[in-house]
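Novice: quick one, structure for this:
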Amino acid sequence: MKTQSVLIVDDEPDIRRVVGEILHDEGLEIDTAENAEIARSKYLARTPDLVLLDIWMPDTDGVTLLKEWKMTENAPPIVMISGHGTVETAVESVRAGAYDFLEKPISTAKLLVTIERALETRSLKDENLLLRNRLEPSSTLIGKSLTIDSLRKLVKSQAMTSRSILILGESGSGKSVVARALHRASSRESTVFHELKIASIAINTMAQRLFGKEKNGAATAGALEEAGEGILVIDEIGYLNIESQKTLLEALITGEFRAIGSTVPIALNARVIATSTENLKQKVAAGNFINDLYQHFVTNTISVPPLEEHREDIPELVDYYTKITIESEHLPFRRFSTAAVNLIRNREWPDNVRGLRTAIQQLLVTAKDEEIDADEVEVLLNSTNHALIANGATQIFATYDQPLRKAREQFERAYFLYHLNRVGGNMTELANRTGMERTHLYRKLKSLNIDPKFAKEKAGGNA
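Specialist: Numbering: from 1, shown residues only. Just a heads-up that it's a prediction; the model follows:
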């Protein structure tokens, strides 16, 4: 079972020492900070389960830190410590999000009761978060960086409107998480959230999947109709064919559309969100994307930053995915050492948060001891001499210290596995992406010992 941690922030050494000793005797893990700068550093390196925070400190006051930390969704409970004449301020801090306050001199009995209740609240909050993410894909933006904080604010402001939105970002950066966060923060939270992955759909069936089809009196609903008054996410809209783009644009302008083969109009009630890893402006210039459709979406754009731009959030992401994985895989409690987290933080993650999550899951599943150290992380990532290429289920290590033919074969294997994973085993879409004939494609995959059925089964298991 995990030992719960408490961060004590107070400029008085005696308070830090005495309170720390009392709580340490209760079996809690204690860390201390004498000012806001140190407190921020320790809080960012490892989010505690609870914070004891002095209101008055020489540099930055505790209320300022409280407001900073409570902006994140998964912030721990914060108990304010107030001196003489600051009780009124302490009450105000409770209104600002503090769990409770303790007045100096601190009563041991009051301290222990408050800490026990606050930690129970934290445990319940963690359980609810784990349950929600087990029942549905994540809609939580994890991180305390200014970058993620700005993204969180933008999502909240855009959630209040009904306008179409374009979410841009690198592969694995969290575009789907942002879309779900928009849904959960909007007035449509209780409605349908429908996601249509265009990259995995054959070109000749795109229109049918999006608008529906009617033939001989039998009707099949498309994604626009299935979304109802909820939200439809058109994932990787850049892969949508031109004819479907024209029909979608008309639907967005007029507020209605028709199923393929039907003359009966259907009202468009859903809010449409599009995502793309591609540069749509370049696709417009190349004649592969309709400019008017691009203009319709681009006026409301959310750019999801790559993990490289908020690397300081990696420790919290490690903690978050550790909890999620242990819960979902029914694993015994495990934790990463500080050195291991630092190694992960300094690692390049070309597949962004998705790649980080995959690595965390694998380390937790394969770990033998309660604490995962830096050596175990280094073995998996092979960070000394190799570059890790992560593609979901397979890790491929490429090195310069080998013959060209072998290096080329490893790259080709990584390339096809990556795209096969992205299209969910759809060979038609893989052929389109790679520009190869299907016959040659099957032959190439066989020569690289790649089974397309594995990716398809994996996609089915994640659906």
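Novice: look up how far Ala221 lies from Gly228.
Specialist: Counting by Cβ to Cβ, to the nearest Å, the gap from Gly228 to Ala221 is 10 Å. The way it works is simple: take the backbone N, C-alpha and C, and place the C-beta from them, glycine included.
Novice: swap that for Glu250, sorry
Specialist: 19 Å.
Novice: for Asn204, same thing?
Specialist: On the measure of Cβ to Cβ, Asn204 and Ala221 end up 19 Å apart.
Novice: settle it for me: which of these two has more neighbours?
Specialist: The residue with more neighbours, out of Asn204 and Ala221, is Ala221; 15 against 9, by other Cβ atoms under 10 Å.
Novice: isn't the more buried one up against Glu214?
Specialist: No: if you go by Cβ atoms under 8 Å, Ala221 and Glu214 don't touch, sitting 9.9 Å apart.
Novice: okay, strands next: where are they in the stretch 51-200 of the chain?
Specialist: 78-82, 100-103, 165-169, 193-197 (DSSP state E, counting those that start in this stretch).
Novice: is it possible to get a markdown table of those strands that adds distance to Met71 and mean neighbour count?
Specialist: Output for the strands of the stretch 51-200 of the chain, formatted as a markdown table (distance: least, Cβ to Cβ, whole Å; neighbours: other Cβ atoms under 10 Å):
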| stretch | distance to Met71 | mean neighbour count |
| --- | --- | --- |
| strand 78-82 | 12 | 24 |
| strand 100-103 | 19 | 18 |
| strand 165-169 | 22 | 22 |
| strand 193-197 | 25 | 19 |
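Novice: so for Leu154, which of those strands sits nearest?
Specialist: strand 165-169 (10.2 Å; Cβ to Cβ).
Novice: so what are the sheet partners of that closest one and their directions?
Specialist: Neighbouring strands of strand 165-169 in its sheet, by DSSP bridges, are strand 271-276 (parallel), strand 301-304 (parallel).
Novice: okay, helices next: where are they in the stretch 151-300 of the chain?
Specialist: Remark: helices assigned in the stretch 151-300 of the chain by DSSP state H, counting those that start in this stretch are 175-185, 206-211, 223-226, 242-254, 280-285, 291-298.
Novice: low-confidence regions, the stretch 101-250 of the chain specifically.
Specialist: 127-138 (pLDDT under 70).
Novice: now distance to Asp373 and mean neighbour count too, for the helices of the stretch 151-300 of the chain, in TSV please.
Specialist: Converted to TSV, the helices of the stretch 151-300 of the chain look like this (distance: least, Cβ to Cβ, whole Å; neighbours: other Cβ under 10 Å):
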stretch	distance to Asp373	mean neighbour count
helix 175-185	30	22
helix 206-211	48	20
helix 223-226	47	21
helix 242-254	51	16
helix 280-285	44	15
helix 291-298	46	18
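Novice: nearest to Gln4, out of these?
Specialist: The nearest among these, by Cβ to Cβ, is helix 175-185 at 27.2 Å.
Novice: and the closest one with strand 165-169, angle?
Specialist: If you take axes from the mean of the first three to the mean of the last three Cα atoms, to 10 degrees, helix 175-185 sits at 140 degrees to strand 165-169.
Novice: convert helix 175-185 to CSV, retaining C-alpha atoms only.
Specialist: Provided in CSV are the C-alpha atoms of helix 175-185 (Å, rounded to 0.1, in the frame of the first residue of the first chain):
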residue,chain,number,x,y,z
LYS,A,175,-6.1,15.9,-29.1
SER,A,176,-8.7,13.4,-28.1
VAL,A,177,-8.3,14.2,-24.5
VAL,A,178,-8.8,17.9,-25.3
ALA,A,179,-12.0,17.1,-27.3
ARG,A,180,-13.4,15.1,-24.3
ALA,A,181,-12.4,17.8,-21.9
LEU,A,182,-14.4,20.3,-24.1
HIS,A,183,-17.4,17.9,-24.0
ARG,A,184,-17.2,17.5,-20.2
ALA,A,185,-16.9,21.2,-19.6
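Novice: contacts for it, please.
Specialist: With contacts defined as Cβ atoms under 8 Å, 6 or more residues apart in numbering, helix 175-185 is touched by 136-141, 151-152, 155-156, 158-160, 165, 167-169, 189, 193, 195, 230-231, 233, 235, 273, 275, 277, 302, 304.
Novice: filter those to the buried ones?
Specialist: Those of the contacts of helix 175-185 that meet the buried threshold are 138-141, 151-152, 155, 158-159, 165, 167-169, 193, 195, 230-231, 233, 235, 273, 275, 277, 302, 304, by 16 or more other Cβ atoms under 10 Å.
Novice: so what's Val379 up against?
Specialist: So Val379 contacts nothing (Cβ under 8 Å, 6+ apart).
Novice: that one belongs to a strand?
Specialist: No: counting by DSSP: H, G, I helix; E, B strand; the rest coil, Val379 is located in no strand; its state is helix.
Novice: circling back: quick one, which of the strands of the stretch 51-200 of the chain gets closest to Glu243.
Specialist: Checking the strands of the stretch 51-200 of the chain against Glu243 by Cβ to Cβ gives strand 193-197 as the closest, at 16.2 Å.
Novice: just checking, what packs against the closest one?
Specialist: Helices and strands touching strand 193-197, by 3 or more Cβ pairs under 8 Å, 6 or more residues apart in numbering; DSSP states H and E, are helix 175-185, helix 223-226, strand 231-235.
Novice: recalculate using a threshold of 6 Å.
Specialist: helix 223-226, strand 231-235 (3 or more Cβ pairs under 6 Å, 6 or more residues apart in numbering; DSSP states H and E).
Novice: now the ones you listed in a markdown table, with distance to Phe416?
Specialist: Below are the helices and strands packed on strand 193-197 laid out as a markdown table (distance: least, Cβ to Cβ, whole Å):
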| stretch | distance to Phe416 |
| --- | --- |
| helix 223-226 | 29 |
| strand 231-235 | 21 |
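Novice: relative to Ile266, which of those is closest?
Specialist: Going by Cβ to Cβ, the one of those nearest Ile266 is helix 223-226, 5.7 Å.
Novice: pull the residues that contact the closest one.
Specialist: With contacts defined as Cβ atoms under 6 Å, 6 or more residues apart in numbering, helix 223-226 is touched by 194, 196, 210, 212, 232, 266.
Novice: chain center to it: distance?
Specialist: 26 Å (Cα atoms, centre = their mean, to the nearest Å).
Novice: and what of stretch 44-60?
Specialist: Using Cα atoms, centre = their mean, the offset of stretch 44-60 from its chain centre is 26 Å.
Novice: need the residues that contact it.
Specialist: Outside stretch 44-60, the residues touching it (Cβ under 6 Å, 6+ apart) are 4-11, 35-36, 62, 76-82, 86, 89, 118-119, 122, 312, 315-316.
Novice: next one: phi and psi at Glu170?
Specialist: phi -70, psi 160 (degrees, to the nearest 10).
Novice: excluding chain neighbours, what is closest to it?
Specialist: Closest residue in space to Glu170, ignoring its immediate chain neighbours: Pro306 at 4.8 Å, by Cβ to Cβ, 6 or more residues apart in numbering.
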